[in-house]
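Enquirer: Got a predicted structure plus its sequence, pasted below:
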Amino acid sequence: MSAEAMELTMGAAINAALDEALTSDPAVFLLGEDIMDPAGGVMQITKGLSTKHGRDRVRETPISEQAIVGAAIGAAMAGLRPVPEIMIMDFLAVCADQLVNHAAKLRFMSGGRTNVPLTIRCLHTGGFQMGAQHSQTLEAWLCHVPGINVVFPSTPADAKGLLTACIRNDDPCVFVEPAALYGATGPVPAGEHVVPLGKADVKRAGSDVTLITYGRQVHDCLGVAAAFEGEIDVEVLDLRSLVPWDAEAMLASVAKTRRAVVVHQAVRRCGVGAEIAAFLSEELWGTLAAPVLRVGAKDTPVPYAKELEEFHLPSAADITEAVRAVTK
Amino acid sequence: MTTVSTEAMTAETLLGMFRTVSRIHACDERLRGLLNQGKIFIFYYSPRGQEIIPAAVSACLSADDYVVTTYRGLHDEIAKGTPLRPLMAEILGRSDGTCRGKGGPMHISDPGSGVMVTTGIVGGGIPIANGLALASQLQGDGRVTVVYFGDGAANIGAFHEALNMAAVWSLPVVFVCQNNRYGEFTPLSETQRVEQLSSRAAGYGLAGVTVDGNDPVAMYEAARTAVDRARAGGGPTLIEAMTYRLMGHFYGDQMPYMDQAEYQAALAADPLPRFRAMLLEAGHATEEQLAAIEAEAGAEADDAVEFAFASPAPEPLSLFEDVYAEVRR
């Protein structure tokens, strides 16, 4: 990390990454609903950017997710680097055709003669009582489509560095922002800061069990690991990007600890955890001291009532129980 | 034929369009012949009957203007200038195809001729055309984007979102609906209440016009107006080009859903012989000149077919290329 770091929230770090991208590369532009000033985005993440960079490059759109992503695809094919905002991850379903059938496949279908360097920013919630259509964590859908990069930051510094890497990447990226972490602060390098895609981060070294996670759950896992201090030595691996993912880091960690628990906010069934569990079982069969366990949300839509939502989402207690199960 | 005077159009422009439709027709004939002979086994969506539309539009475009089209796109791609050899090789799934055999006829891309996207998703290309046009607007490169789609696409959400956005941003884009009166196996009367799809443009605040797409002069004039408007910064246009699908949805379609009287009338009014007769009657060309253009187009199509059959199959490991910028395994 640069000596020149300042304490920023994740929201401010994302704003800084967008500001620097708009400043340094004339091909970059933003488009989305409510992103212009004075609103500056529904979560104020793009605040000040239309005032500074103009309404052409920080561009308001109708509520038309297909048209937003389609416009970004076309502009990207023509040499620009659009950063469309699809406000909440659940709304990716509204523009799935553009993302899945077009953005993800145009490089391939053209035999490499076209490419689509766009970065869709979207946030995910959960735990805010926003109900079943505004609280989903849907990264597994995206990981199942070859041709898209899927990126999931957990700290302000990573948010800045990974978003910068996405915008500079020559393929479509979906950058998922955990809304619960927008206000969380951390040191963020000033000026240019790039975190390469596909590089996991060992947040805490340990020898008994590896917690493989990303996004908001990184913090839950670190809390559980701290609580086990002196009893079970827990390693926490933050994947940071799911496609591409850091296979080497996962294998190195689990080959050492021989036990792994995957933790994510998405529902367990067919989640990223299932893919990681299968991958580790295939690669480390015979080495593992316990089955790879998964901690995720229960297989239901996200409910509204506070008590139901708390029951639906994975908790620190669920992670604790899984760590005990694989180490007993 | 047409009531519009041909005086505004030069013989050179008309003969250029005739050359284009002859090349389209020759390739289409070759592909149907190969299917009939059992030499190829592919799903083929023939543009037979719709050739005039892109020939007229392309006569108004520059080489670096962009085109987006659909799976029934052979005529649009050839009209825009996609070279026939790699085009035919792609249709046959060969390594020398425009897309190295990975796209196929439903997904032709040839950026060299401005053909950026061919989509197999009805209506899916319309929002992307806006993005190409937006890039031209932001970069001030003066390009125009044309997006072709069928009448069926006018009932999908992407069409409506895209028309509205293009109007709001005054994009240099021309929406060309090739209204061939059938969406897959269903006549238009079953799926829409409006008389003309061009009336939908008014709902979004852009210019809309219906034209006989099988009339070379009327089609050219409509395209000229729309392309000039887009290039001058006057914003988008929806052109509804009326035409007829002479070979059904896919080649081999028995067309039980077609009104036989209507179909026979459409065959009798085949736009290609009519165009040919018009050129002769107006004295724009002699029989020998037209026959020479057709012979040249036929020879070029034969050469493209030969090239395609001689092209090797794609290497298996090329599968892993072009998924991302770097090869991931």
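Expert: Received the coordinates, thanks. Numbering: from 1, shown residues only, chains lettered A, B, ... in the order given.
Enquirer: just the helices in the stretch 151-300 of chain A please.
Expert: Taking DSSP state H, counting those that start in this stretch to define them, one finds helices in the stretch 151-300 of chain A at A:156-168, A:217-227, A:247-257, A:272-284.
Enquirer: Buried deepest among these, which one?
Expert: Taking mean count of other CB atoms under 10 Å in any protein chain shown as the contact definition, the stretch among these with the greatest mean neighbour count is helix A:156-168, which reaches a mean of 25. Placement of C-beta: from N, CA and C, glycine included.
Enquirer: okay, the angle between that one and helix A:217-227?
Expert: An angle of 150 degrees separates the directions of helix A:156-168 and helix A:217-227 when computed by axes from the mean of the first three to the mean of the last three CA atoms, to 10 degrees.
Enquirer: Can I get helix A:156-168 as CSV, trimmed to CA atoms?
Expert: Once non-C-alpha atoms are left out, helix A:156-168 reads as follows in CSV (Å, rounded to 0.1, in the frame of the first residue of the first chain):
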residue,chain,number,x,y,z
PRO,A,156,-12.4,0.6,0.5
ALA,A,157,-8.9,0.1,-0.9
ASP,A,158,-9.9,-3.0,-2.8
ALA,A,159,-13.0,-1.3,-4.1
LYS,A,160,-10.9,1.5,-5.6
GLY,A,161,-8.2,-0.9,-7.0
LEU,A,162,-10.5,-3.5,-8.3
LEU,A,163,-12.9,-1.0,-10.0
THR,A,164,-9.9,0.6,-11.7
ALA,A,165,-8.8,-2.8,-12.9
CYS,A,166,-12.3,-3.6,-14.2
ILE,A,167,-12.6,-0.3,-16.1
ARG,A,168,-9.2,-1.0,-17.7
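Enquirer: so what secondary structure elements neighbour that helix?
Expert: Identification of packing neighbours for helix A:156-168 by 3 or more CB pairs under 8 Å, 6 or more residues apart in numbering or on different chains; DSSP states H and E yields strand A:5-9, helix A:10-24, strand A:81-88, strand A:119-124, strand A:149-151, strand A:173-178, strand A:185-189.
Enquirer: Now A:Arg268: closest residue in space that isn't a chain neighbour?
Expert: Distances taken as CB to CB, 6 or more residues apart in numbering or on different chains put A:Gly296 closest to A:Arg268, at 3.8 Å, once the chain neighbours are dropped.
Enquirer: Tell me who's in contact with the one you found.
Expert: Shown in contact with A:Gly296 (CB atoms under 8 Å, 6 or more residues apart in numbering or on different chains): A:262-268, A:271, A:273, A:314.
Enquirer: ok, now with 7 Å
Expert: A:264, A:266-268, A:271, A:273, A:314 (CB atoms under 7 Å, 6 or more residues apart in numbering or on different chains).
Enquirer: So which of those belong to strands?
Expert: Of the positions in those, A:264, A:266-267 sit in strands, assigned by DSSP state E.
Enquirer: Of the residues you listed, which is the most crowded?
Expert: Using other CB atoms under 10 Å in any protein chain shown as the contact criterion, the top neighbour count among those goes to A:His264, which has 27 neighbours.
Enquirer: where exactly do the strands run in the stretch 151-300 of chain B?
Expert: Counting by DSSP state E, counting those that start in this stretch, the segments of the stretch 151-300 of chain B that form strands are B:173-179, B:182-183, B:186-187, B:207-212, B:237-242.
Enquirer: Pick the most deeply packed of those.
Expert: Looking across those, the stretch whose mean neighbour count is highest under mean count of other CB under 10 Å is strand B:173-179, at a mean of 29.
Enquirer: wait, which of the ones in strands among the contacts of A:Gly296 is closest to chain B?
Expert: Distances from those to chain B were compared by CB to the nearest CB; the smallest belongs to A:His264, at 22.0 Å.
Enquirer: Nearest spatial neighbour of that closest one, chain-adjacent residues omitted?
Expert: Spatial nearest neighbour of A:His264, chain neighbours left out: A:Gly296 (5.2 Å); criterion: CB to CB, 6+ apart.
Enquirer: quick one on the thing from earlier: could I get the ones in strands among the contacts of A:Gly296 in TSV, plus columns for pLDDT?
Expert: As requested, those are arranged in TSV below (pLDDT from 0 to 100):
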residue	pLDDT
A:His264	98
A:Ala266	98
A:Val267	98
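Enquirer: roughly how far apart are A:Trp245 and A:Tyr214?
Expert: A:Trp245 is 9 Å from A:Tyr214, where distance means CB to CB, to the nearest Å.
Enquirer: Which residues are in contact with each of the two?
Expert: Taking CB under 7 Å, 6+ apart as the contact criterion, the common neighbours of A:Trp245 and A:Tyr214 are A:Leu239.
Enquirer: who wins for proximity to chain A among the strands of the stretch 151-300 of chain B?
Expert: Taking CB to the nearest CB as the criterion, strand B:173-179 is the member of those that comes nearest to chain A, at 9.4 Å.
Enquirer: For the closest one, name the packing helices and strands.
Expert: Here strand B:173-179 touches helix B:52-58, helix B:125-139, strand B:145-150, helix B:216-231, strand B:237-242, going by 3 or more CB pairs under 7 Å, 6 or more residues apart in numbering or on different chains; DSSP states H and E.
Enquirer: What parts of the stretch 51-200 of chain B come near chain A?
Expert: Among all residues of the stretch 51-200 of chain B, those adjacent to chain A (criterion: CB under 7 Å from any CB of the partner chain) are B:99-100, B:102-103, B:107, B:109, B:111, B:116-117, B:119, B:121, B:124, B:127-132, B:134-136, B:138, B:157-158, B:161-162, B:164-165, B:168.
Enquirer: hmm, try it at 8 Å
Expert: Counting by CB under 8 Å from any CB of the partner chain, the residues of the stretch 51-200 of chain B lying close to chain A are B:66, B:68, B:97-103, B:107, B:109-111, B:116-117, B:119, B:121, B:124, B:126-136, B:138-139, B:145, B:157-158, B:161-162, B:164-165, B:168.
Enquirer: Of these, select the buried ones using a ChimeraX command.
Expert: Per 16 or more other CB atoms under 10 Å in any protein chain shown, the buried members of those correspond to this ChimeraX selection:
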select /B:66,68,97,98,99,100,101,102,103,107,109,110,111,116,117,119,121,124,126,127,128,129,130,131,132,133,134,135,136,138,145,158,161,162,164,165,168
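Enquirer: Could you say whether B:Thr98 sits in a helix, a strand or coil?
Expert: Under the three-state scheme (DSSP: H, G, I helix; E, B strand; the rest coil), the conformation of B:Thr98 reads as coil.
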